[in-house]
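# Give me coordinates for this.
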Amino acid sequence: MKKLKIMQGECTVEEWSSINGKSKLKINVTKYSAQLAGELKGFDTAKYEGQGLWVVKDCPRNRFTLDLLSGGGYNGAYQSYCTNGSSGGSTESYTSYREGMWEHQRRSFLFKINRKRVVDAGEMGVGKTLSTLRALKYFREVLQWYHKFWWIAPNSGLTSLRTQLKKWDIHFVNWKLFNYHSLEREMEQIHQAPQVVVFDECHALKNPGARRTQLAITLTEEMEKVHGDNCAVIGLTGTPAPEDHFDWWSICEVIRPGWLREASFNKFKYRIAEFGTGQRADGGSYPQFLKWRDHEIQILPKRLEGLVQVTWKKDCLDLPEKVYEVIEVEPAPEILRAARMLKNTASRAIELHNKLRQLSDGFQYVRNDEGERSVAFAETKKDEVIRELLQQHTKEEGGNNRIVIYAAFTASMDKLTKICLEEGWNVWRYDGRGQLSFHAKSSEIGRVNFSESIYQDTLCFEGRIVFLGNPEAAGQGLTLTPAATIVYYSNSFKSQYRVQSEDRIHRFGASKERGCRIIDIVHLPTDRLVIEKLHAKREVEENTLSEIEALL
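Here you go, the predicted structure:
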């Protein structure tokens with residue numbers, strides 16, 4: 001039995017198992033405080049038995065929460081979050097691992113090896129990958145952790161990671177790289193949980209009800225059962241301030257269950273926001289978000305402090321300012337007529353908006369009588385803008401031979417590939433189907449498969465290369481700093497992908513002399529609506545049918 005002081009109150013904790021083998025923690029409040037009672041209500045499976053006695057499930061989450069609330073008084077698990085000292089060796093043992101890193105990367109490295117279960121929320125381009133790889137080397141070589149290491153990331157993140165491994169000449173044994181879609185398969189194929197897991201772009205785990213999030217929580221719980229404190233879970237995210245504060249709950253629950261003391265997403269949700277009752281078209285009701293609770297949002301960074309390390313580019317890198325530019329093109333009368341006709345073909349806002357985005361890009365997906373889908377292309381002035389921009393880059397003094405173009409649809413990328421090749425540019429294409437290389441007839445580059453390293457090497461590969469990507473598939477992980485211009489032919493609906501994709505060129509290695517130019521092409525009024533919502537970090541799916549129709 002342990003005596004703990006928590007929130008101006010006191011209690012004793014007893015570990016207890018029932019006759020059917022279920023482990024419980026009996027928490028007996030010996031000195032009452034309203035704050036202590038409020039925290040105990042938030043424990044997983046908390047049940048009040050009367051006379052100051054609470055019974056909760058004996059699980060890693062509840063144990064850590066007890067230790068967190070008591071300042072390390074329960075089992076000491078929280079102590080590693082209260083010190084900047086080394087947890088596994090002398091100062092000399094990790095000095096060499098910090099060589100060749102900036103000061104903020106050194107801090108990030110120490111943050112990871114000391115705490116072991118953390119979220120590195122450094123803005124894109126601040127060097128999270130290198131500090132993480134050095135931490136993994138430290139775990140392997142100094143702490144002698146020899147069990148499996150896993151690195152889980154979107155495909156574009158894995159592409160960038162392989163480039164980094166080659167660049168820094170880092171090699172690991174007994175480790176595996178795979179994407180989030182493969183998580184369930186990998187978990188089914190092993191008998192023992194890995195000792196280290198890195199969740200790259202961990203905002204992919206923001207949905208608490210998603211299968212991948214539930215698998216990730218199960219995985220990290222099993223790691224703790226098998227390895228105890230001798231394991232590490234590191235989350236990397238390039239969005240230190242997500243547009244939706246709700247996202248933090250499941251990310252924290254994966255990385256360090258119990259840090260946010262609410263045991264369920266709903267408890268966390270109702271703590272930080274106010275809800276009313278909305279009415280559905282079928283007469284049913286649903287909880288409708290009204291507003292954030294100002295006090296709770298203000299203290300949320302404090303609650304995350306210790307688990308989450310935030311690094312902003314402006315505080316540690318001397319980068320060029322982003323210069324935003326909108327090129328508006330006048331839609332042809334027949335395009336406007338087609339847009340107005342589309343109003344009668346869609347019953348939902350998202351359906352109409354997608355059709356208008358396709359029309360703006362100069363195509364429509366159509367289905368024949370057998371239900372087979374084909375693409376009908378139309379001329380659009382957007383194409384003229386792309387040709388002019390490519391020609392400008394070709395003629396620029398100093399030979400600016402790299403540019404980035406993003407498009408939201410496969411058909412748009414098909415059309416852009418053809419345009420780029422006709423203008424004499426090679427194409428490194430990256431979308432949901434993977435990576436493809438296309439060589440212009442006048443190409444000065446041999447028939448190589450383009451990659452991140454080739455794109456970055458403008459001396460050995462002087463020929464012109466367009467990186468043509470889908471923001472959702474290729475907007476994360478990659479470093480494309482040889483390009484000083486990004487052109488958005490069309491946008492994703494998700495603001496996080498817009499932010500991530502912009503920062504492929506706005507990171508270490510970007511030239512202040514060449515600048516950072518971000519261009520949006522606006523064709524239909526709905527294009528501007530998408531851009532405004534994305535810059536405001538609001539989801540475009542929130543648009544209503546009447547809001548879209550009013551623009552036409």
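# all contacts plus neighbour counts: C-alpha atoms, from now on.
OK.
# pLDDT score assigned to residue 2?
Listed pLDDT for residue 2 reads 92.
# pretty sure it contacts residue 10?
No - the criterion here is CA atoms under 8 Å, and residue 2 misses it with residue 10 at 10.7 Å.
# Show me which residues of the helix of greatest length in the chain are buried.
Ordering each helix of the chain by length in residues (DSSP state H) puts helix 211-227 first. Taking 16 or more other CA atoms under 10 Å as the basis for neighbour counts, the residues of helix 211-227 that come out buried are 212-217, 219-224, 227.
# Parallel or antiparallel, which strands does the next helix or strand along the chain from it pair with?
The C-terminal neighbour of helix 211-227 among helices and strands, as given by DSSP states H and E, is strand 232-236. According to DSSP bridges, strand 232-236 has the following sheet partners: strand 117-122 (parallel), strand 196-200 (parallel).
# So for the shortest one, mean pLDDT?
For strand 196-200, the mean per-residue pLDDT is 97.
# How about stretch 129-137?
If you average the pLDDT values across stretch 129-137, you get 95.
# And that stretch, how far out from the chain middle?
Relative to the centre of its chain, stretch 129-137 is centred 19 Å away, using CA atoms, centre = their mean, to the nearest Å.
# same thing with stretch 326-337?
34 Å.
# again with stretch 514-523
Relative to the mean C-alpha coordinate of its chain, stretch 514-523 is positioned 23 Å out (CA atoms, centre = their mean).
# Then stretch 115-132?
With CA atoms, centre = their mean, you get 12 Å for stretch 115-132.
# Pull out the buried residues from it.
Neighbour counts over stretch 115-132 (16+ other CA under 10 Å) mark 115-132 as buried.
# Format the buried residues of helix 211-227 as a markdown table; extra columns: pLDDT and distance to residue 515.
Supplementary listing: the buried residues of helix 211-227 in a markdown table, determined by pLDDT from 0 to 100; distance: CA to CA, whole Å:
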| residue | pLDDT | distance to residue 515 |
| --- | --- | --- |
| 212 | 96 | 39 |
| 213 | 96 | 39 |
| 214 | 96 | 42 |
| 215 | 96 | 42 |
| 216 | 97 | 40 |
| 217 | 95 | 42 |
| 219 | 96 | 43 |
| 220 | 95 | 42 |
| 221 | 92 | 46 |
| 222 | 94 | 47 |
| 223 | 95 | 45 |
| 224 | 92 | 47 |
| 227 | 95 | 48 |
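# of those, closest to residue 262?
The nearest member of the buried residues of helix 211-227 to residue 262, counting by CA to CA, is residue 217 at 15.2 Å.
# so what's the closest one up against?
The contact partners of residue 217, by CA atoms under 8 Å, 6 or more residues apart in numbering, come to 253-255.
# backbone phi and psi for residue 418, please?
As for residue 418, its main-chain torsions (degrees, to the nearest 10) stand at phi -60, psi -40.
# Equivalent analysis for residue 39, please.
Note on residue 39: backbone dihedrals following degrees, to the nearest 10 are phi -70, psi -40.
# Burial check on it, number of neighbours?
Using other CA atoms under 10 Å, residue 39 is surrounded by 16 other residues.
# where do the strands sit along the stretch 401-550 of the chain?
402-406, 426-431, 434-438, 465-469, 485-488, 516-522 (DSSP state E, counting those that start in this stretch).
# Which secondary structure elements does the first one sit against?
Meaning strand 402-406. strand 465-469, strand 485-488 (3 or more CA pairs under 8 Å, 6 or more residues apart in numbering; DSSP states H and E).
# do the same with the second one
In this structure, strand 426-431 makes packing contacts with helix 410-422, strand 434-438, strand 465-469, helix 471-474, judged by 3+ CA pairs under 8 Å, 6+ apart.
# Now render the ones you listed as CSV, adding distance to residue 285, mean neighbour count and mean pLDDT.
Supplementary listing: those in CSV, determined by distance: least, CA to CA, whole Å; neighbours: other CA atoms under 10 Å; pLDDT from 0 to 100:
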stretch, distance to residue 285, mean neighbour count, mean pLDDT
helix 410-422, 37, 18, 94
strand 434-438, 42, 16, 93
strand 465-469, 40, 26, 96
helix 471-474, 32, 24, 88
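# For residue 284, which of those is the nearest?
Put simply, out of those the one that sits nearest residue 284 is helix 471-474, at 33.6 Å, with distance taken as CA to CA.
# Contacts for the closest one next, please.
Counting by CA under 8 Å, 6+ apart, 154-156, 406-408, 430-432, 491-492, 497-498, 501 sit against helix 471-474.
# picking that back up, dump the helices and strands packed on strand 426-431 into TSV; add distance to residue 138 as well.
Listed next are the helices and strands packed on strand 426-431 as TSV, based on distance: least, CA to CA, whole Å:
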stretch	distance to residue 138
helix 410-422	43
strand 434-438	33
strand 465-469	35
helix 471-474	30
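# So, low pLDDT: which residues of the chain?
83-93, 243, 346-347, 368-372, 397-399, 537-552 (pLDDT under 70).
# hmm, 50 instead?
85-91, 541 (pLDDT under 50).
# Could you list the domains of it?
Structural domains annotated on the chain: 2-79, 85-316, 322-549, as defined by automatic domain parsing.
# The stretch 201-350 of the chain: helices as residue ranges?
Using DSSP state H, counting those that start in this stretch, the helices assigned to the stretch 201-350 of the chain run over residues 211-227, 247-255, 265-272, 294-304, 313-316, 333-342, 349-361.
# closest one to residue 164 among the ones you listed?
Nearest of the helices of the stretch 201-350 of the chain to residue 164, taken as CA to CA: helix 313-316 at 19.6 Å.
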